[in-house]
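S.K.: structure of the sequence below:
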Amino acid sequence: EEEEEEDEDDNMSTVLRLRTKMPWKTCWRYLTSGGFFLLFLMIFSKLLKHSVIVAIDYWLATWTSMDNANEARNADEDKSKEKTYHVAVFSILSGAGIVLCLITSLTVEWMGLTAAKNLHHNLLNKIILGPIRFFDMTPLGLILNRFSADTNIIDQHIPPTLESLTRSTLLCLSAIGMISYATPWFLVALVPLGIAFYFIQKYFRVASK
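M.R.: Residues are numbered from 1 along each chain as shown. Okay, here's the model as predicted:
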């Protein structure tokens, strides 16, 4: 009985240790469970979407600066033609951004659904084909928890979290790129800021667990 209790304690400590650490291998396993095609489609569509968002901001800035520079010397007819041209390009970029937002959202949900289905089937096959020793050493509640709470997290929480993570990361990178292009000295301050934010997020991530 003491040996069984020690085995259960070891299993629980192993589970708790795995819950507090998220190796990159596990993240890659989840992403590839949805299929390499969907993974490539998600990355490509998100990069394209944020490129269009940056292009919209750049086009608005160019449009505004050109209007201010040519306001005094352009004729009314030239102003009308130029305005029509800028509005047309802005409309095309905005329409492309809306379509790409829809595509990226559908791609993330599709990939999350496929990954959840494949992971569930793989888990079920491993449980069914598992040896008797596995059921003797592993608590039944731990197995049921994998098919209830953990499966619910994979189905409901990970896809929107992945969408939010990729969107925030790309927005942050695009903002850093634009600021660095306009003000190169920003890169000097970026290094200590990056180090400070790394330790801050590390502290609060451990505290949240």
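S.K.: could you dump stretch 58-69 to PDB, C-alpha only?
M.R.: The C-alpha trace of stretch 58-69 is given here as PDB (Å, rounded to 0.1, in the frame of the first residue of the first chain):
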ATOM      1  CA  TYR A  58       1.200  53.900 -44.600                       C
ATOM      2  CA  TRP A  59      -1.200  54.900 -47.300                       C
ATOM      3  CA  LEU A  60      -3.200  57.200 -45.000                       C
ATOM      4  CA  ALA A  61       0.000  58.800 -43.800                       C
ATOM      5  CA  THR A  62       1.200  59.300 -47.400                       C
ATOM      6  CA  TRP A  63      -2.200  60.700 -48.400                       C
ATOM      7  CA  THR A  64      -2.300  63.200 -45.600                       C
ATOM      8  CA  SER A  65       1.200  64.400 -46.200                       C
ATOM      9  CA  MET A  66       0.600  64.800 -49.900                       C
ATOM     10  CA  ASP A  67      -2.600  66.800 -49.300                       C
ATOM     11  CA  ASN A  68      -0.800  69.100 -46.900                       C
ATOM     12  CA  ALA A  69       2.100  69.600 -49.400                       C
END
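S.K.: now it: buried residues?
M.R.: 59, 63 (16 or more other CB atoms under 10 Å). Every residue, glycine included, has its C-beta placed from N, CA and C.
S.K.: mind naming the longest helix for the chain?
M.R.: In the chain, taking DSSP state H as the definition, the longest helix is helix 76-128.
S.K.: what packs against the helix or strand harbouring Ser45?
M.R.: Taking DSSP states H and E as the criterion, Ser45 maps to helix 36-70. Applying 3 or more CB pairs under 8 Å, 6 or more residues apart in numbering; DSSP states H and E, one finds that helix 36-70 contacts helix 76-128, helix 158-182.
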